[in-house]
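# Next comes the sequence, and after it the predicted model I'd like to discuss.
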Number of protein chains: 2
Amino acid sequence: MRRKRYLNKLSLKEAQKLFLEHADVGIFNKTENLSPRESLGRITAEPVFARISSPHYHCSAMDGIAVLAEDTFGASTATPLRLSKEQFVIIDTGDPVPPDFNAVIMIEKVREVDENTIEILSAAAPWQYIRMAGEDIVATELILTRGHFIRPIDLAAMLSGGVQSVTVKKKPVVAVIPTGDEIVEPGEIPEPGTIIDSNSYMLEAMVKQWGGHPARTAIVEDDFEKITDIIKQAAADSDIVLTSAGSSAGRDDYIPPAIEELGELLVHGVSISPGKPTALGVVDGTPVLGLPGYPVSMAIAAESFLKPLMSKMLGISATGKQKVDAFITRKIPSKLGSEEYVRVKLSHTQDVVVATPLSRGASVLNSLVRADGIMKIPENSEGLMPDEMVKVELMRSAEDIKNSVVAIGSHDITLDILADEIKASHPEINFSSAHVGSLGGLMAIKRGEAHMAGTHLLDEETGDYNVSYIKRMLSDMELSLINLVYRTQGLIVTPGNPKNIKDLSDLVRDDVTFCNRQRGSGTRVLLDYQLKQAGILSNQVDGYAREVYTHMAVASAVTTGIADAGLGIYAAAKALGLDFIPISEERYDLIIPDKFIQNPSLAELLNIINESDNFRKRVLELGGYDTRDMGKVIM
Amino acid sequence: MRRKRYLNKLSLKEAQKLFLEHADVGIFNKTENLSPRESLGRITAEPVFARISSPHYHCSAMDGIAVLAEDTFGASTATPLRLSKEQFVIIDTGDPVPPDFNAVIMIEKVREVDENTIEILSAAAPWQYIRMAGEDIVATELILTRGHFIRPIDLAAMLSGGVQSVTVKKKPVVAVIPTGDEIVEPGEIPEPGTIIDSNSYMLEAMVKQWGGHPARTAIVEDDFEKITDIIKQAAADSDIVLTSAGSSAGRDDYIPPAIEELGELLVHGVSISPGKPTALGVVDGTPVLGLPGYPVSMAIAAESFLKPLMSKMLGISATGKQKVDAFITRKIPSKLGSEEYVRVKLSHTQDVVVATPLSRGASVLNSLVRADGIMKIPENSEGLMPDEMVKVELMRSAEDIKNSVVAIGSHDITLDILADEIKASHPEINFSSAHVGSLGGLMAIKRGEAHMAGTHLLDEETGDYNVSYIKRMLSDMELSLINLVYRTQGLIVTPGNPKNIKDLSDLVRDDVTFCNRQRGSGTRVLLDYQLKQAGILSNQVDGYAREVYTHMAVASAVTTGIADAGLGIYAAAKALGLDFIPISEERYDLIIPDKFIQNPSLAELLNIINESDNFRKRVLELGGYDTRDMGKVIM
């Protein structure tokens, strides 16, 4: 069991400094010449000077007549002046002013007397309404400095200045090397133990976004020699080399030793989380970035090291993401010694923007997809306290976030359908949700983090849902409880139900193993209620103590044979092709504080809930749902 | 002289509403299927659901050993526990957890006893360090709603979720039709009376930026029938039609009548400035935008109508430009009845950002290139007063503006060279300048609008430059005056000097016509001083009253035969291939308030002025400059 340690563990700033300085990339000096038309979005490598003036002749700025100003002196309303055929020329905007004339009179100010004579009521000042040559751009003038990002207007200014070729930086060629025995190409359904390579395609896309040309290689297995060979080759062929996975200090982590073998390993281990197992070095003068294999770690490491490197090579300032000030309503602990990047959901639910943390796992790419921004907790902090203001780097536009309705609470797939339906009719509205369970949703409403919360909490005393919990926990708030759906909870079992499970009473059988949900979840509350009704004690159920956190995790446990049965919704069983034994119908409601009811985006969402046949149809097609009270105000 | 009136003149909001509603573009329904890899930057047309879970099996989250948690119970530092060969399996991150095991222990916590035995010092909780199937993405879960702009992380999430094809909106095909008799393709040096087509290429680039596919046609002359034919054809072939120029109400403006002939002309004339002569209509169900020919007008009209139209078609929210609050220090008049778009330079010279207006001409594209942002003066306002706070839409990133050193004052081409030199060594620093003449520069410093001002104001009493003006106008400020260059002013004359002009005394000759600079310019001050020295009265000089505003305008006047001579710098003569008779050397200095001297970006600029051989070399190569005192502190 060969094990290595991290070479060093540097702070983000130290690692960036060491890498960018020692990677010895000056400003990238490969250039190419393009026509202005092809140059959109590229970076100038040399200053661009005008070859001709624009306009390149004195031209009329108006439709009208060209005159000699001196001929018009004395004209006024009281003393109209007539000009004869030789004294004027009809001229349009952009026409050259003939040599003997020096002013233009607007056509609206000109009265036609006859074919050869016109009359004017005011004198023209010399050079009025004439665009002098060079008014816009003067030949030899600097149009763009080097290091300029070319926009549509820049491209037009170059063309106007007679520029036919612009020298831009070449796009740096960035090799992307996916590694790992378990990695497979996207394609058919993967075998257990294999992982679809999404990382290298994410890197490809990032390289494109940041102005480079990606060159992805085939997947390389975890073999020191093969990895060494391909990095050496890529370093010779490319301007930057990226590897995906194998960058930590484990048994099969061959990237750091490969860099060490071929060149210099500058950084191994950065005190950021996610993103720690990053390895940075130089091979034959080419920067090599060994990026961690967990997708969130990789995305953060790429933002932290690849983006500034590419900006430096292209000679542009690395523009950071837009930041907003946000307010946190809860304690957010963090490990000392690591700068932590916390994905957050942002909501305009208070006078200030409120940030709510999402899943912090390095492997949970979906939480990065769903995040509105990233909040950084410094290395020397043990975390943040409620009511702190924090800076959040935005992952989507501030405008999009402003138009978002945020739901935090129990998750149900109908919320996803709702998010899609609102987009179909109102592209400008975002409905975004974070999943923290029913009780978490009530807390989010209490803290003012969300516009609404999905909840399905059974009151064991009354058999009713949600109301008593709200009365207990949110008594001081004006709010509405609106039904979204009824859904069927039931036992999820192996396809074909080989153990012939019929209801909860089968859970006490010796040959049946159960998989449970966590305390505080609506489903757990339901199970405990149902067991009590059936007179079953929890210690009679094998596996009662095994807790998982989602309906799908229950279904997974059954699929993989860990359990024979678990309680969950029909959609979870259907998703994994499992059998389903209905046990009980539960009410899934939305809690909405009254102060948000007038919010125009929320009003549109409620409109769909209340009115849309298409939404109802899509929900019913999922199976296991009833929409009879959809939109009904419960309290 | 056939003349038309505008059909209607609507406010921007009215025009946008009328056009977007009547253009009858619902959300664009042409779609195509792409692999996730090809989908970067596209917009989903349908929701994307996961086909498989990620991970799709229970896998280890650590390098370590897989165990059955129950086997490890009781292990502690005091009571180490040994596990035999059958009780554990070595496992790496990402490996599937074998069916009989339910926990992972990190390798760092495992001690090897012998080949078949290991020892642990703490118990494992069931399911610790195991990523349950579906932890990241659950099969059937919604990954992206429709109307979602696909980012690198989205692409990776789709691949992880087993998605192999994503339905995205097609890029709308946007026909771009350049019109005008005087318009020529970019190529050789254009004849007088012809204008290089830069507009249609700017539109092409904008269409690309906003998610469309441009289809530019050949240039069409100002002929009603030809224009009608091509619009009809383009409306049949494309999703949007754009025309460039010919949209006003003049003699050759055939676009509005062509739209009227073929379909419905909805808007003709919008009360924005620049941008008024915009014509909007629909032909055979296809929106047609007749955009004005002046480049700034066109850019603003395209932002105002094309961008929201394309966003609506693509079903995305039209993200506005980022805005900042800025402070104006001067009165900015504006015409009632028109919403005016004023290009501004922004500077971080005070506690708040300060905005200074740039040229307001619709034809001056270069001022749009140089602008940091656009400030809108409402239709019902006669202008803004000093000390008002205004909203400015940014044209470059807030970060770039923060790193900018702003010079406002007399222009000299060495400032452009300096702007390029700083980019060569410090890509993150921008040196941006606005040209308002020497006295304007002193005023800008007084108002706190600029970090520095270029100035060359001769004191007729003393023969010295700048100092006495500063003492008079900026007496209450702590500042430094630093020399940039000496430059030679002289008479710019026709190539070969056919009139044999030798010095200023020739300006009194009957056969010599002069072109003058405006009052308040440094060059005018110099001329008056030199004439006085030579005992020449201004009324003896033919053309003394003809004022133009730049060195280049003087050179242009000579080139085009309007004048035989004018006073200006060598670079202007050289630019247009004219002869030059040196008259006098003048000092061109930079005024820098002391409070900015510590500004790190400014310090780097001063460093180049003080130290850079390359900068000196480039300045000297221009001709007409002396750098002997470059960087010297004058006061």
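Noted; the coordinates are in hand. Numbering: from 1, shown residues only, chains lettered A, B, ... in the order given.

# How about the secondary structure of the residue of chain A most remote from its centre?
Relative to the centre of chain A, the most outlying C-alpha is that of residue A:79, 69.2 Å out, by Cα atoms, centre = their mean. When classified by DSSP: H, G, I helix; E, B strand; the rest coil, residue A:79 comes out as coil.

# From residue A:117, how far off is it?
Noted for residue A:79: a distance of 16 Å to residue A:117, by Cβ to Cβ, to the nearest Å. No exception for glycine: its C-beta is placed from N, CA and C like everyone else's.

# Also residue A:586?
92 Å.

# Give me the more crowded residue out of the two.
Counted by other Cβ atoms under 10 Å in any protein chain shown, residue A:586 and residue A:117 do not tie: residue A:586 has more neighbours, with 19 against 14.

# OK, contacts around the closest residue to the more buried one other than its chain neighbours?
Nearest non-adjacent residue to residue A:586, counting by Cβ to Cβ, 6 or more residues apart in numbering or on different chains: residue A:456, 5.1 Å away. Taking Cβ atoms under 8 Å, 6 or more residues apart in numbering or on different chains as the criterion, residue A:456 is in contact with A:410, A:438, A:465-466, A:487, A:522, A:586-589.

# List only buried entries from these.
A:410, A:438, A:465-466, A:487, A:522, A:586-589 (16 or more other Cβ atoms under 10 Å in any protein chain shown).

# mind listing which of the contacts of residue A:456 are in strands?
Among the contacts of residue A:456, the subset assigned to strands under DSSP state E consists of A:487, A:586-589.

# Wait, a strand at residue A:391?
Yes. Looking at residue A:391 with three-state DSSP, it is inside a strand.

# quick one, helices of the stretch 351-500 of chain A?
For the stretch 351-500 of chain A, applying DSSP state H, counting those that start in this stretch gives helices covering A:365-370, A:398-402, A:413-425, A:437-446, A:467-473.

# possible to save those as TSV with mean pLDDT?
Below are those laid out as TSV (pLDDT from 0 to 100):
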stretch	mean pLDDT
helix A:365-370	90
helix A:398-402	87
helix A:413-425	92
helix A:437-446	92
helix A:467-473	95
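
# Any idea which of these gets closest to residue B:363?
Nearest to residue B:363, of all those, is helix A:398-402, at 32.1 Å by Cβ to Cβ.

# The closest one near chain B at all?
Yes. Helix A:398-402 lies within reach of chain B by Cβ under 8 Å from any Cβ of the partner chain, at A:398-400.

# Restricted to buried residues, select these in PyMOL.
In PyMOL, this line selects whichever of the residues of helix A:398-402 next to chain B come out buried by 16+ other Cβ under 10 Å:
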select buried, chain A and resi 398+400
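
# Just name the closest of the residues of helix A:398-402 next to chain B to chain B, please.
Nearest to chain B among the residues of helix A:398-402 next to chain B, counting by Cβ to the nearest Cβ, is residue A:399 at 5.2 Å.

# How about the contacts made by the closest one?
Residue A:399 sits in contact with B:317, B:319-320, where contact means Cβ under 8 Å, 6+ apart.

# Please list only the buried members of these.
For the contacts of residue A:399, a burial check counting by 16+ other Cβ under 10 Å picks out residue B:317.

# Reformat the contacts of residue A:399 as JSON lines; add pLDDT and secondary structure.
Listed next are the contacts of residue A:399 as JSON lines, based on pLDDT from 0 to 100; DSSP: H, G, I helix; E, B strand; the rest coil:
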{"residue": "B:317", "pLDDT": "75", "secondary structure": "coil"}
{"residue": "B:319", "pLDDT": "70", "secondary structure": "coil"}
{"residue": "B:320", "pLDDT": "73", "secondary structure": "coil"}
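
# Contact residues of the stretch 201-350 of chain A facing chain B?
So far as Cβ under 8 Å from any Cβ goes, the stretch 201-350 of chain A lies against chain B at A:201-206, A:208-209, A:248, A:250-252, A:293, A:295, A:299, A:311-312, A:315-320, A:322.
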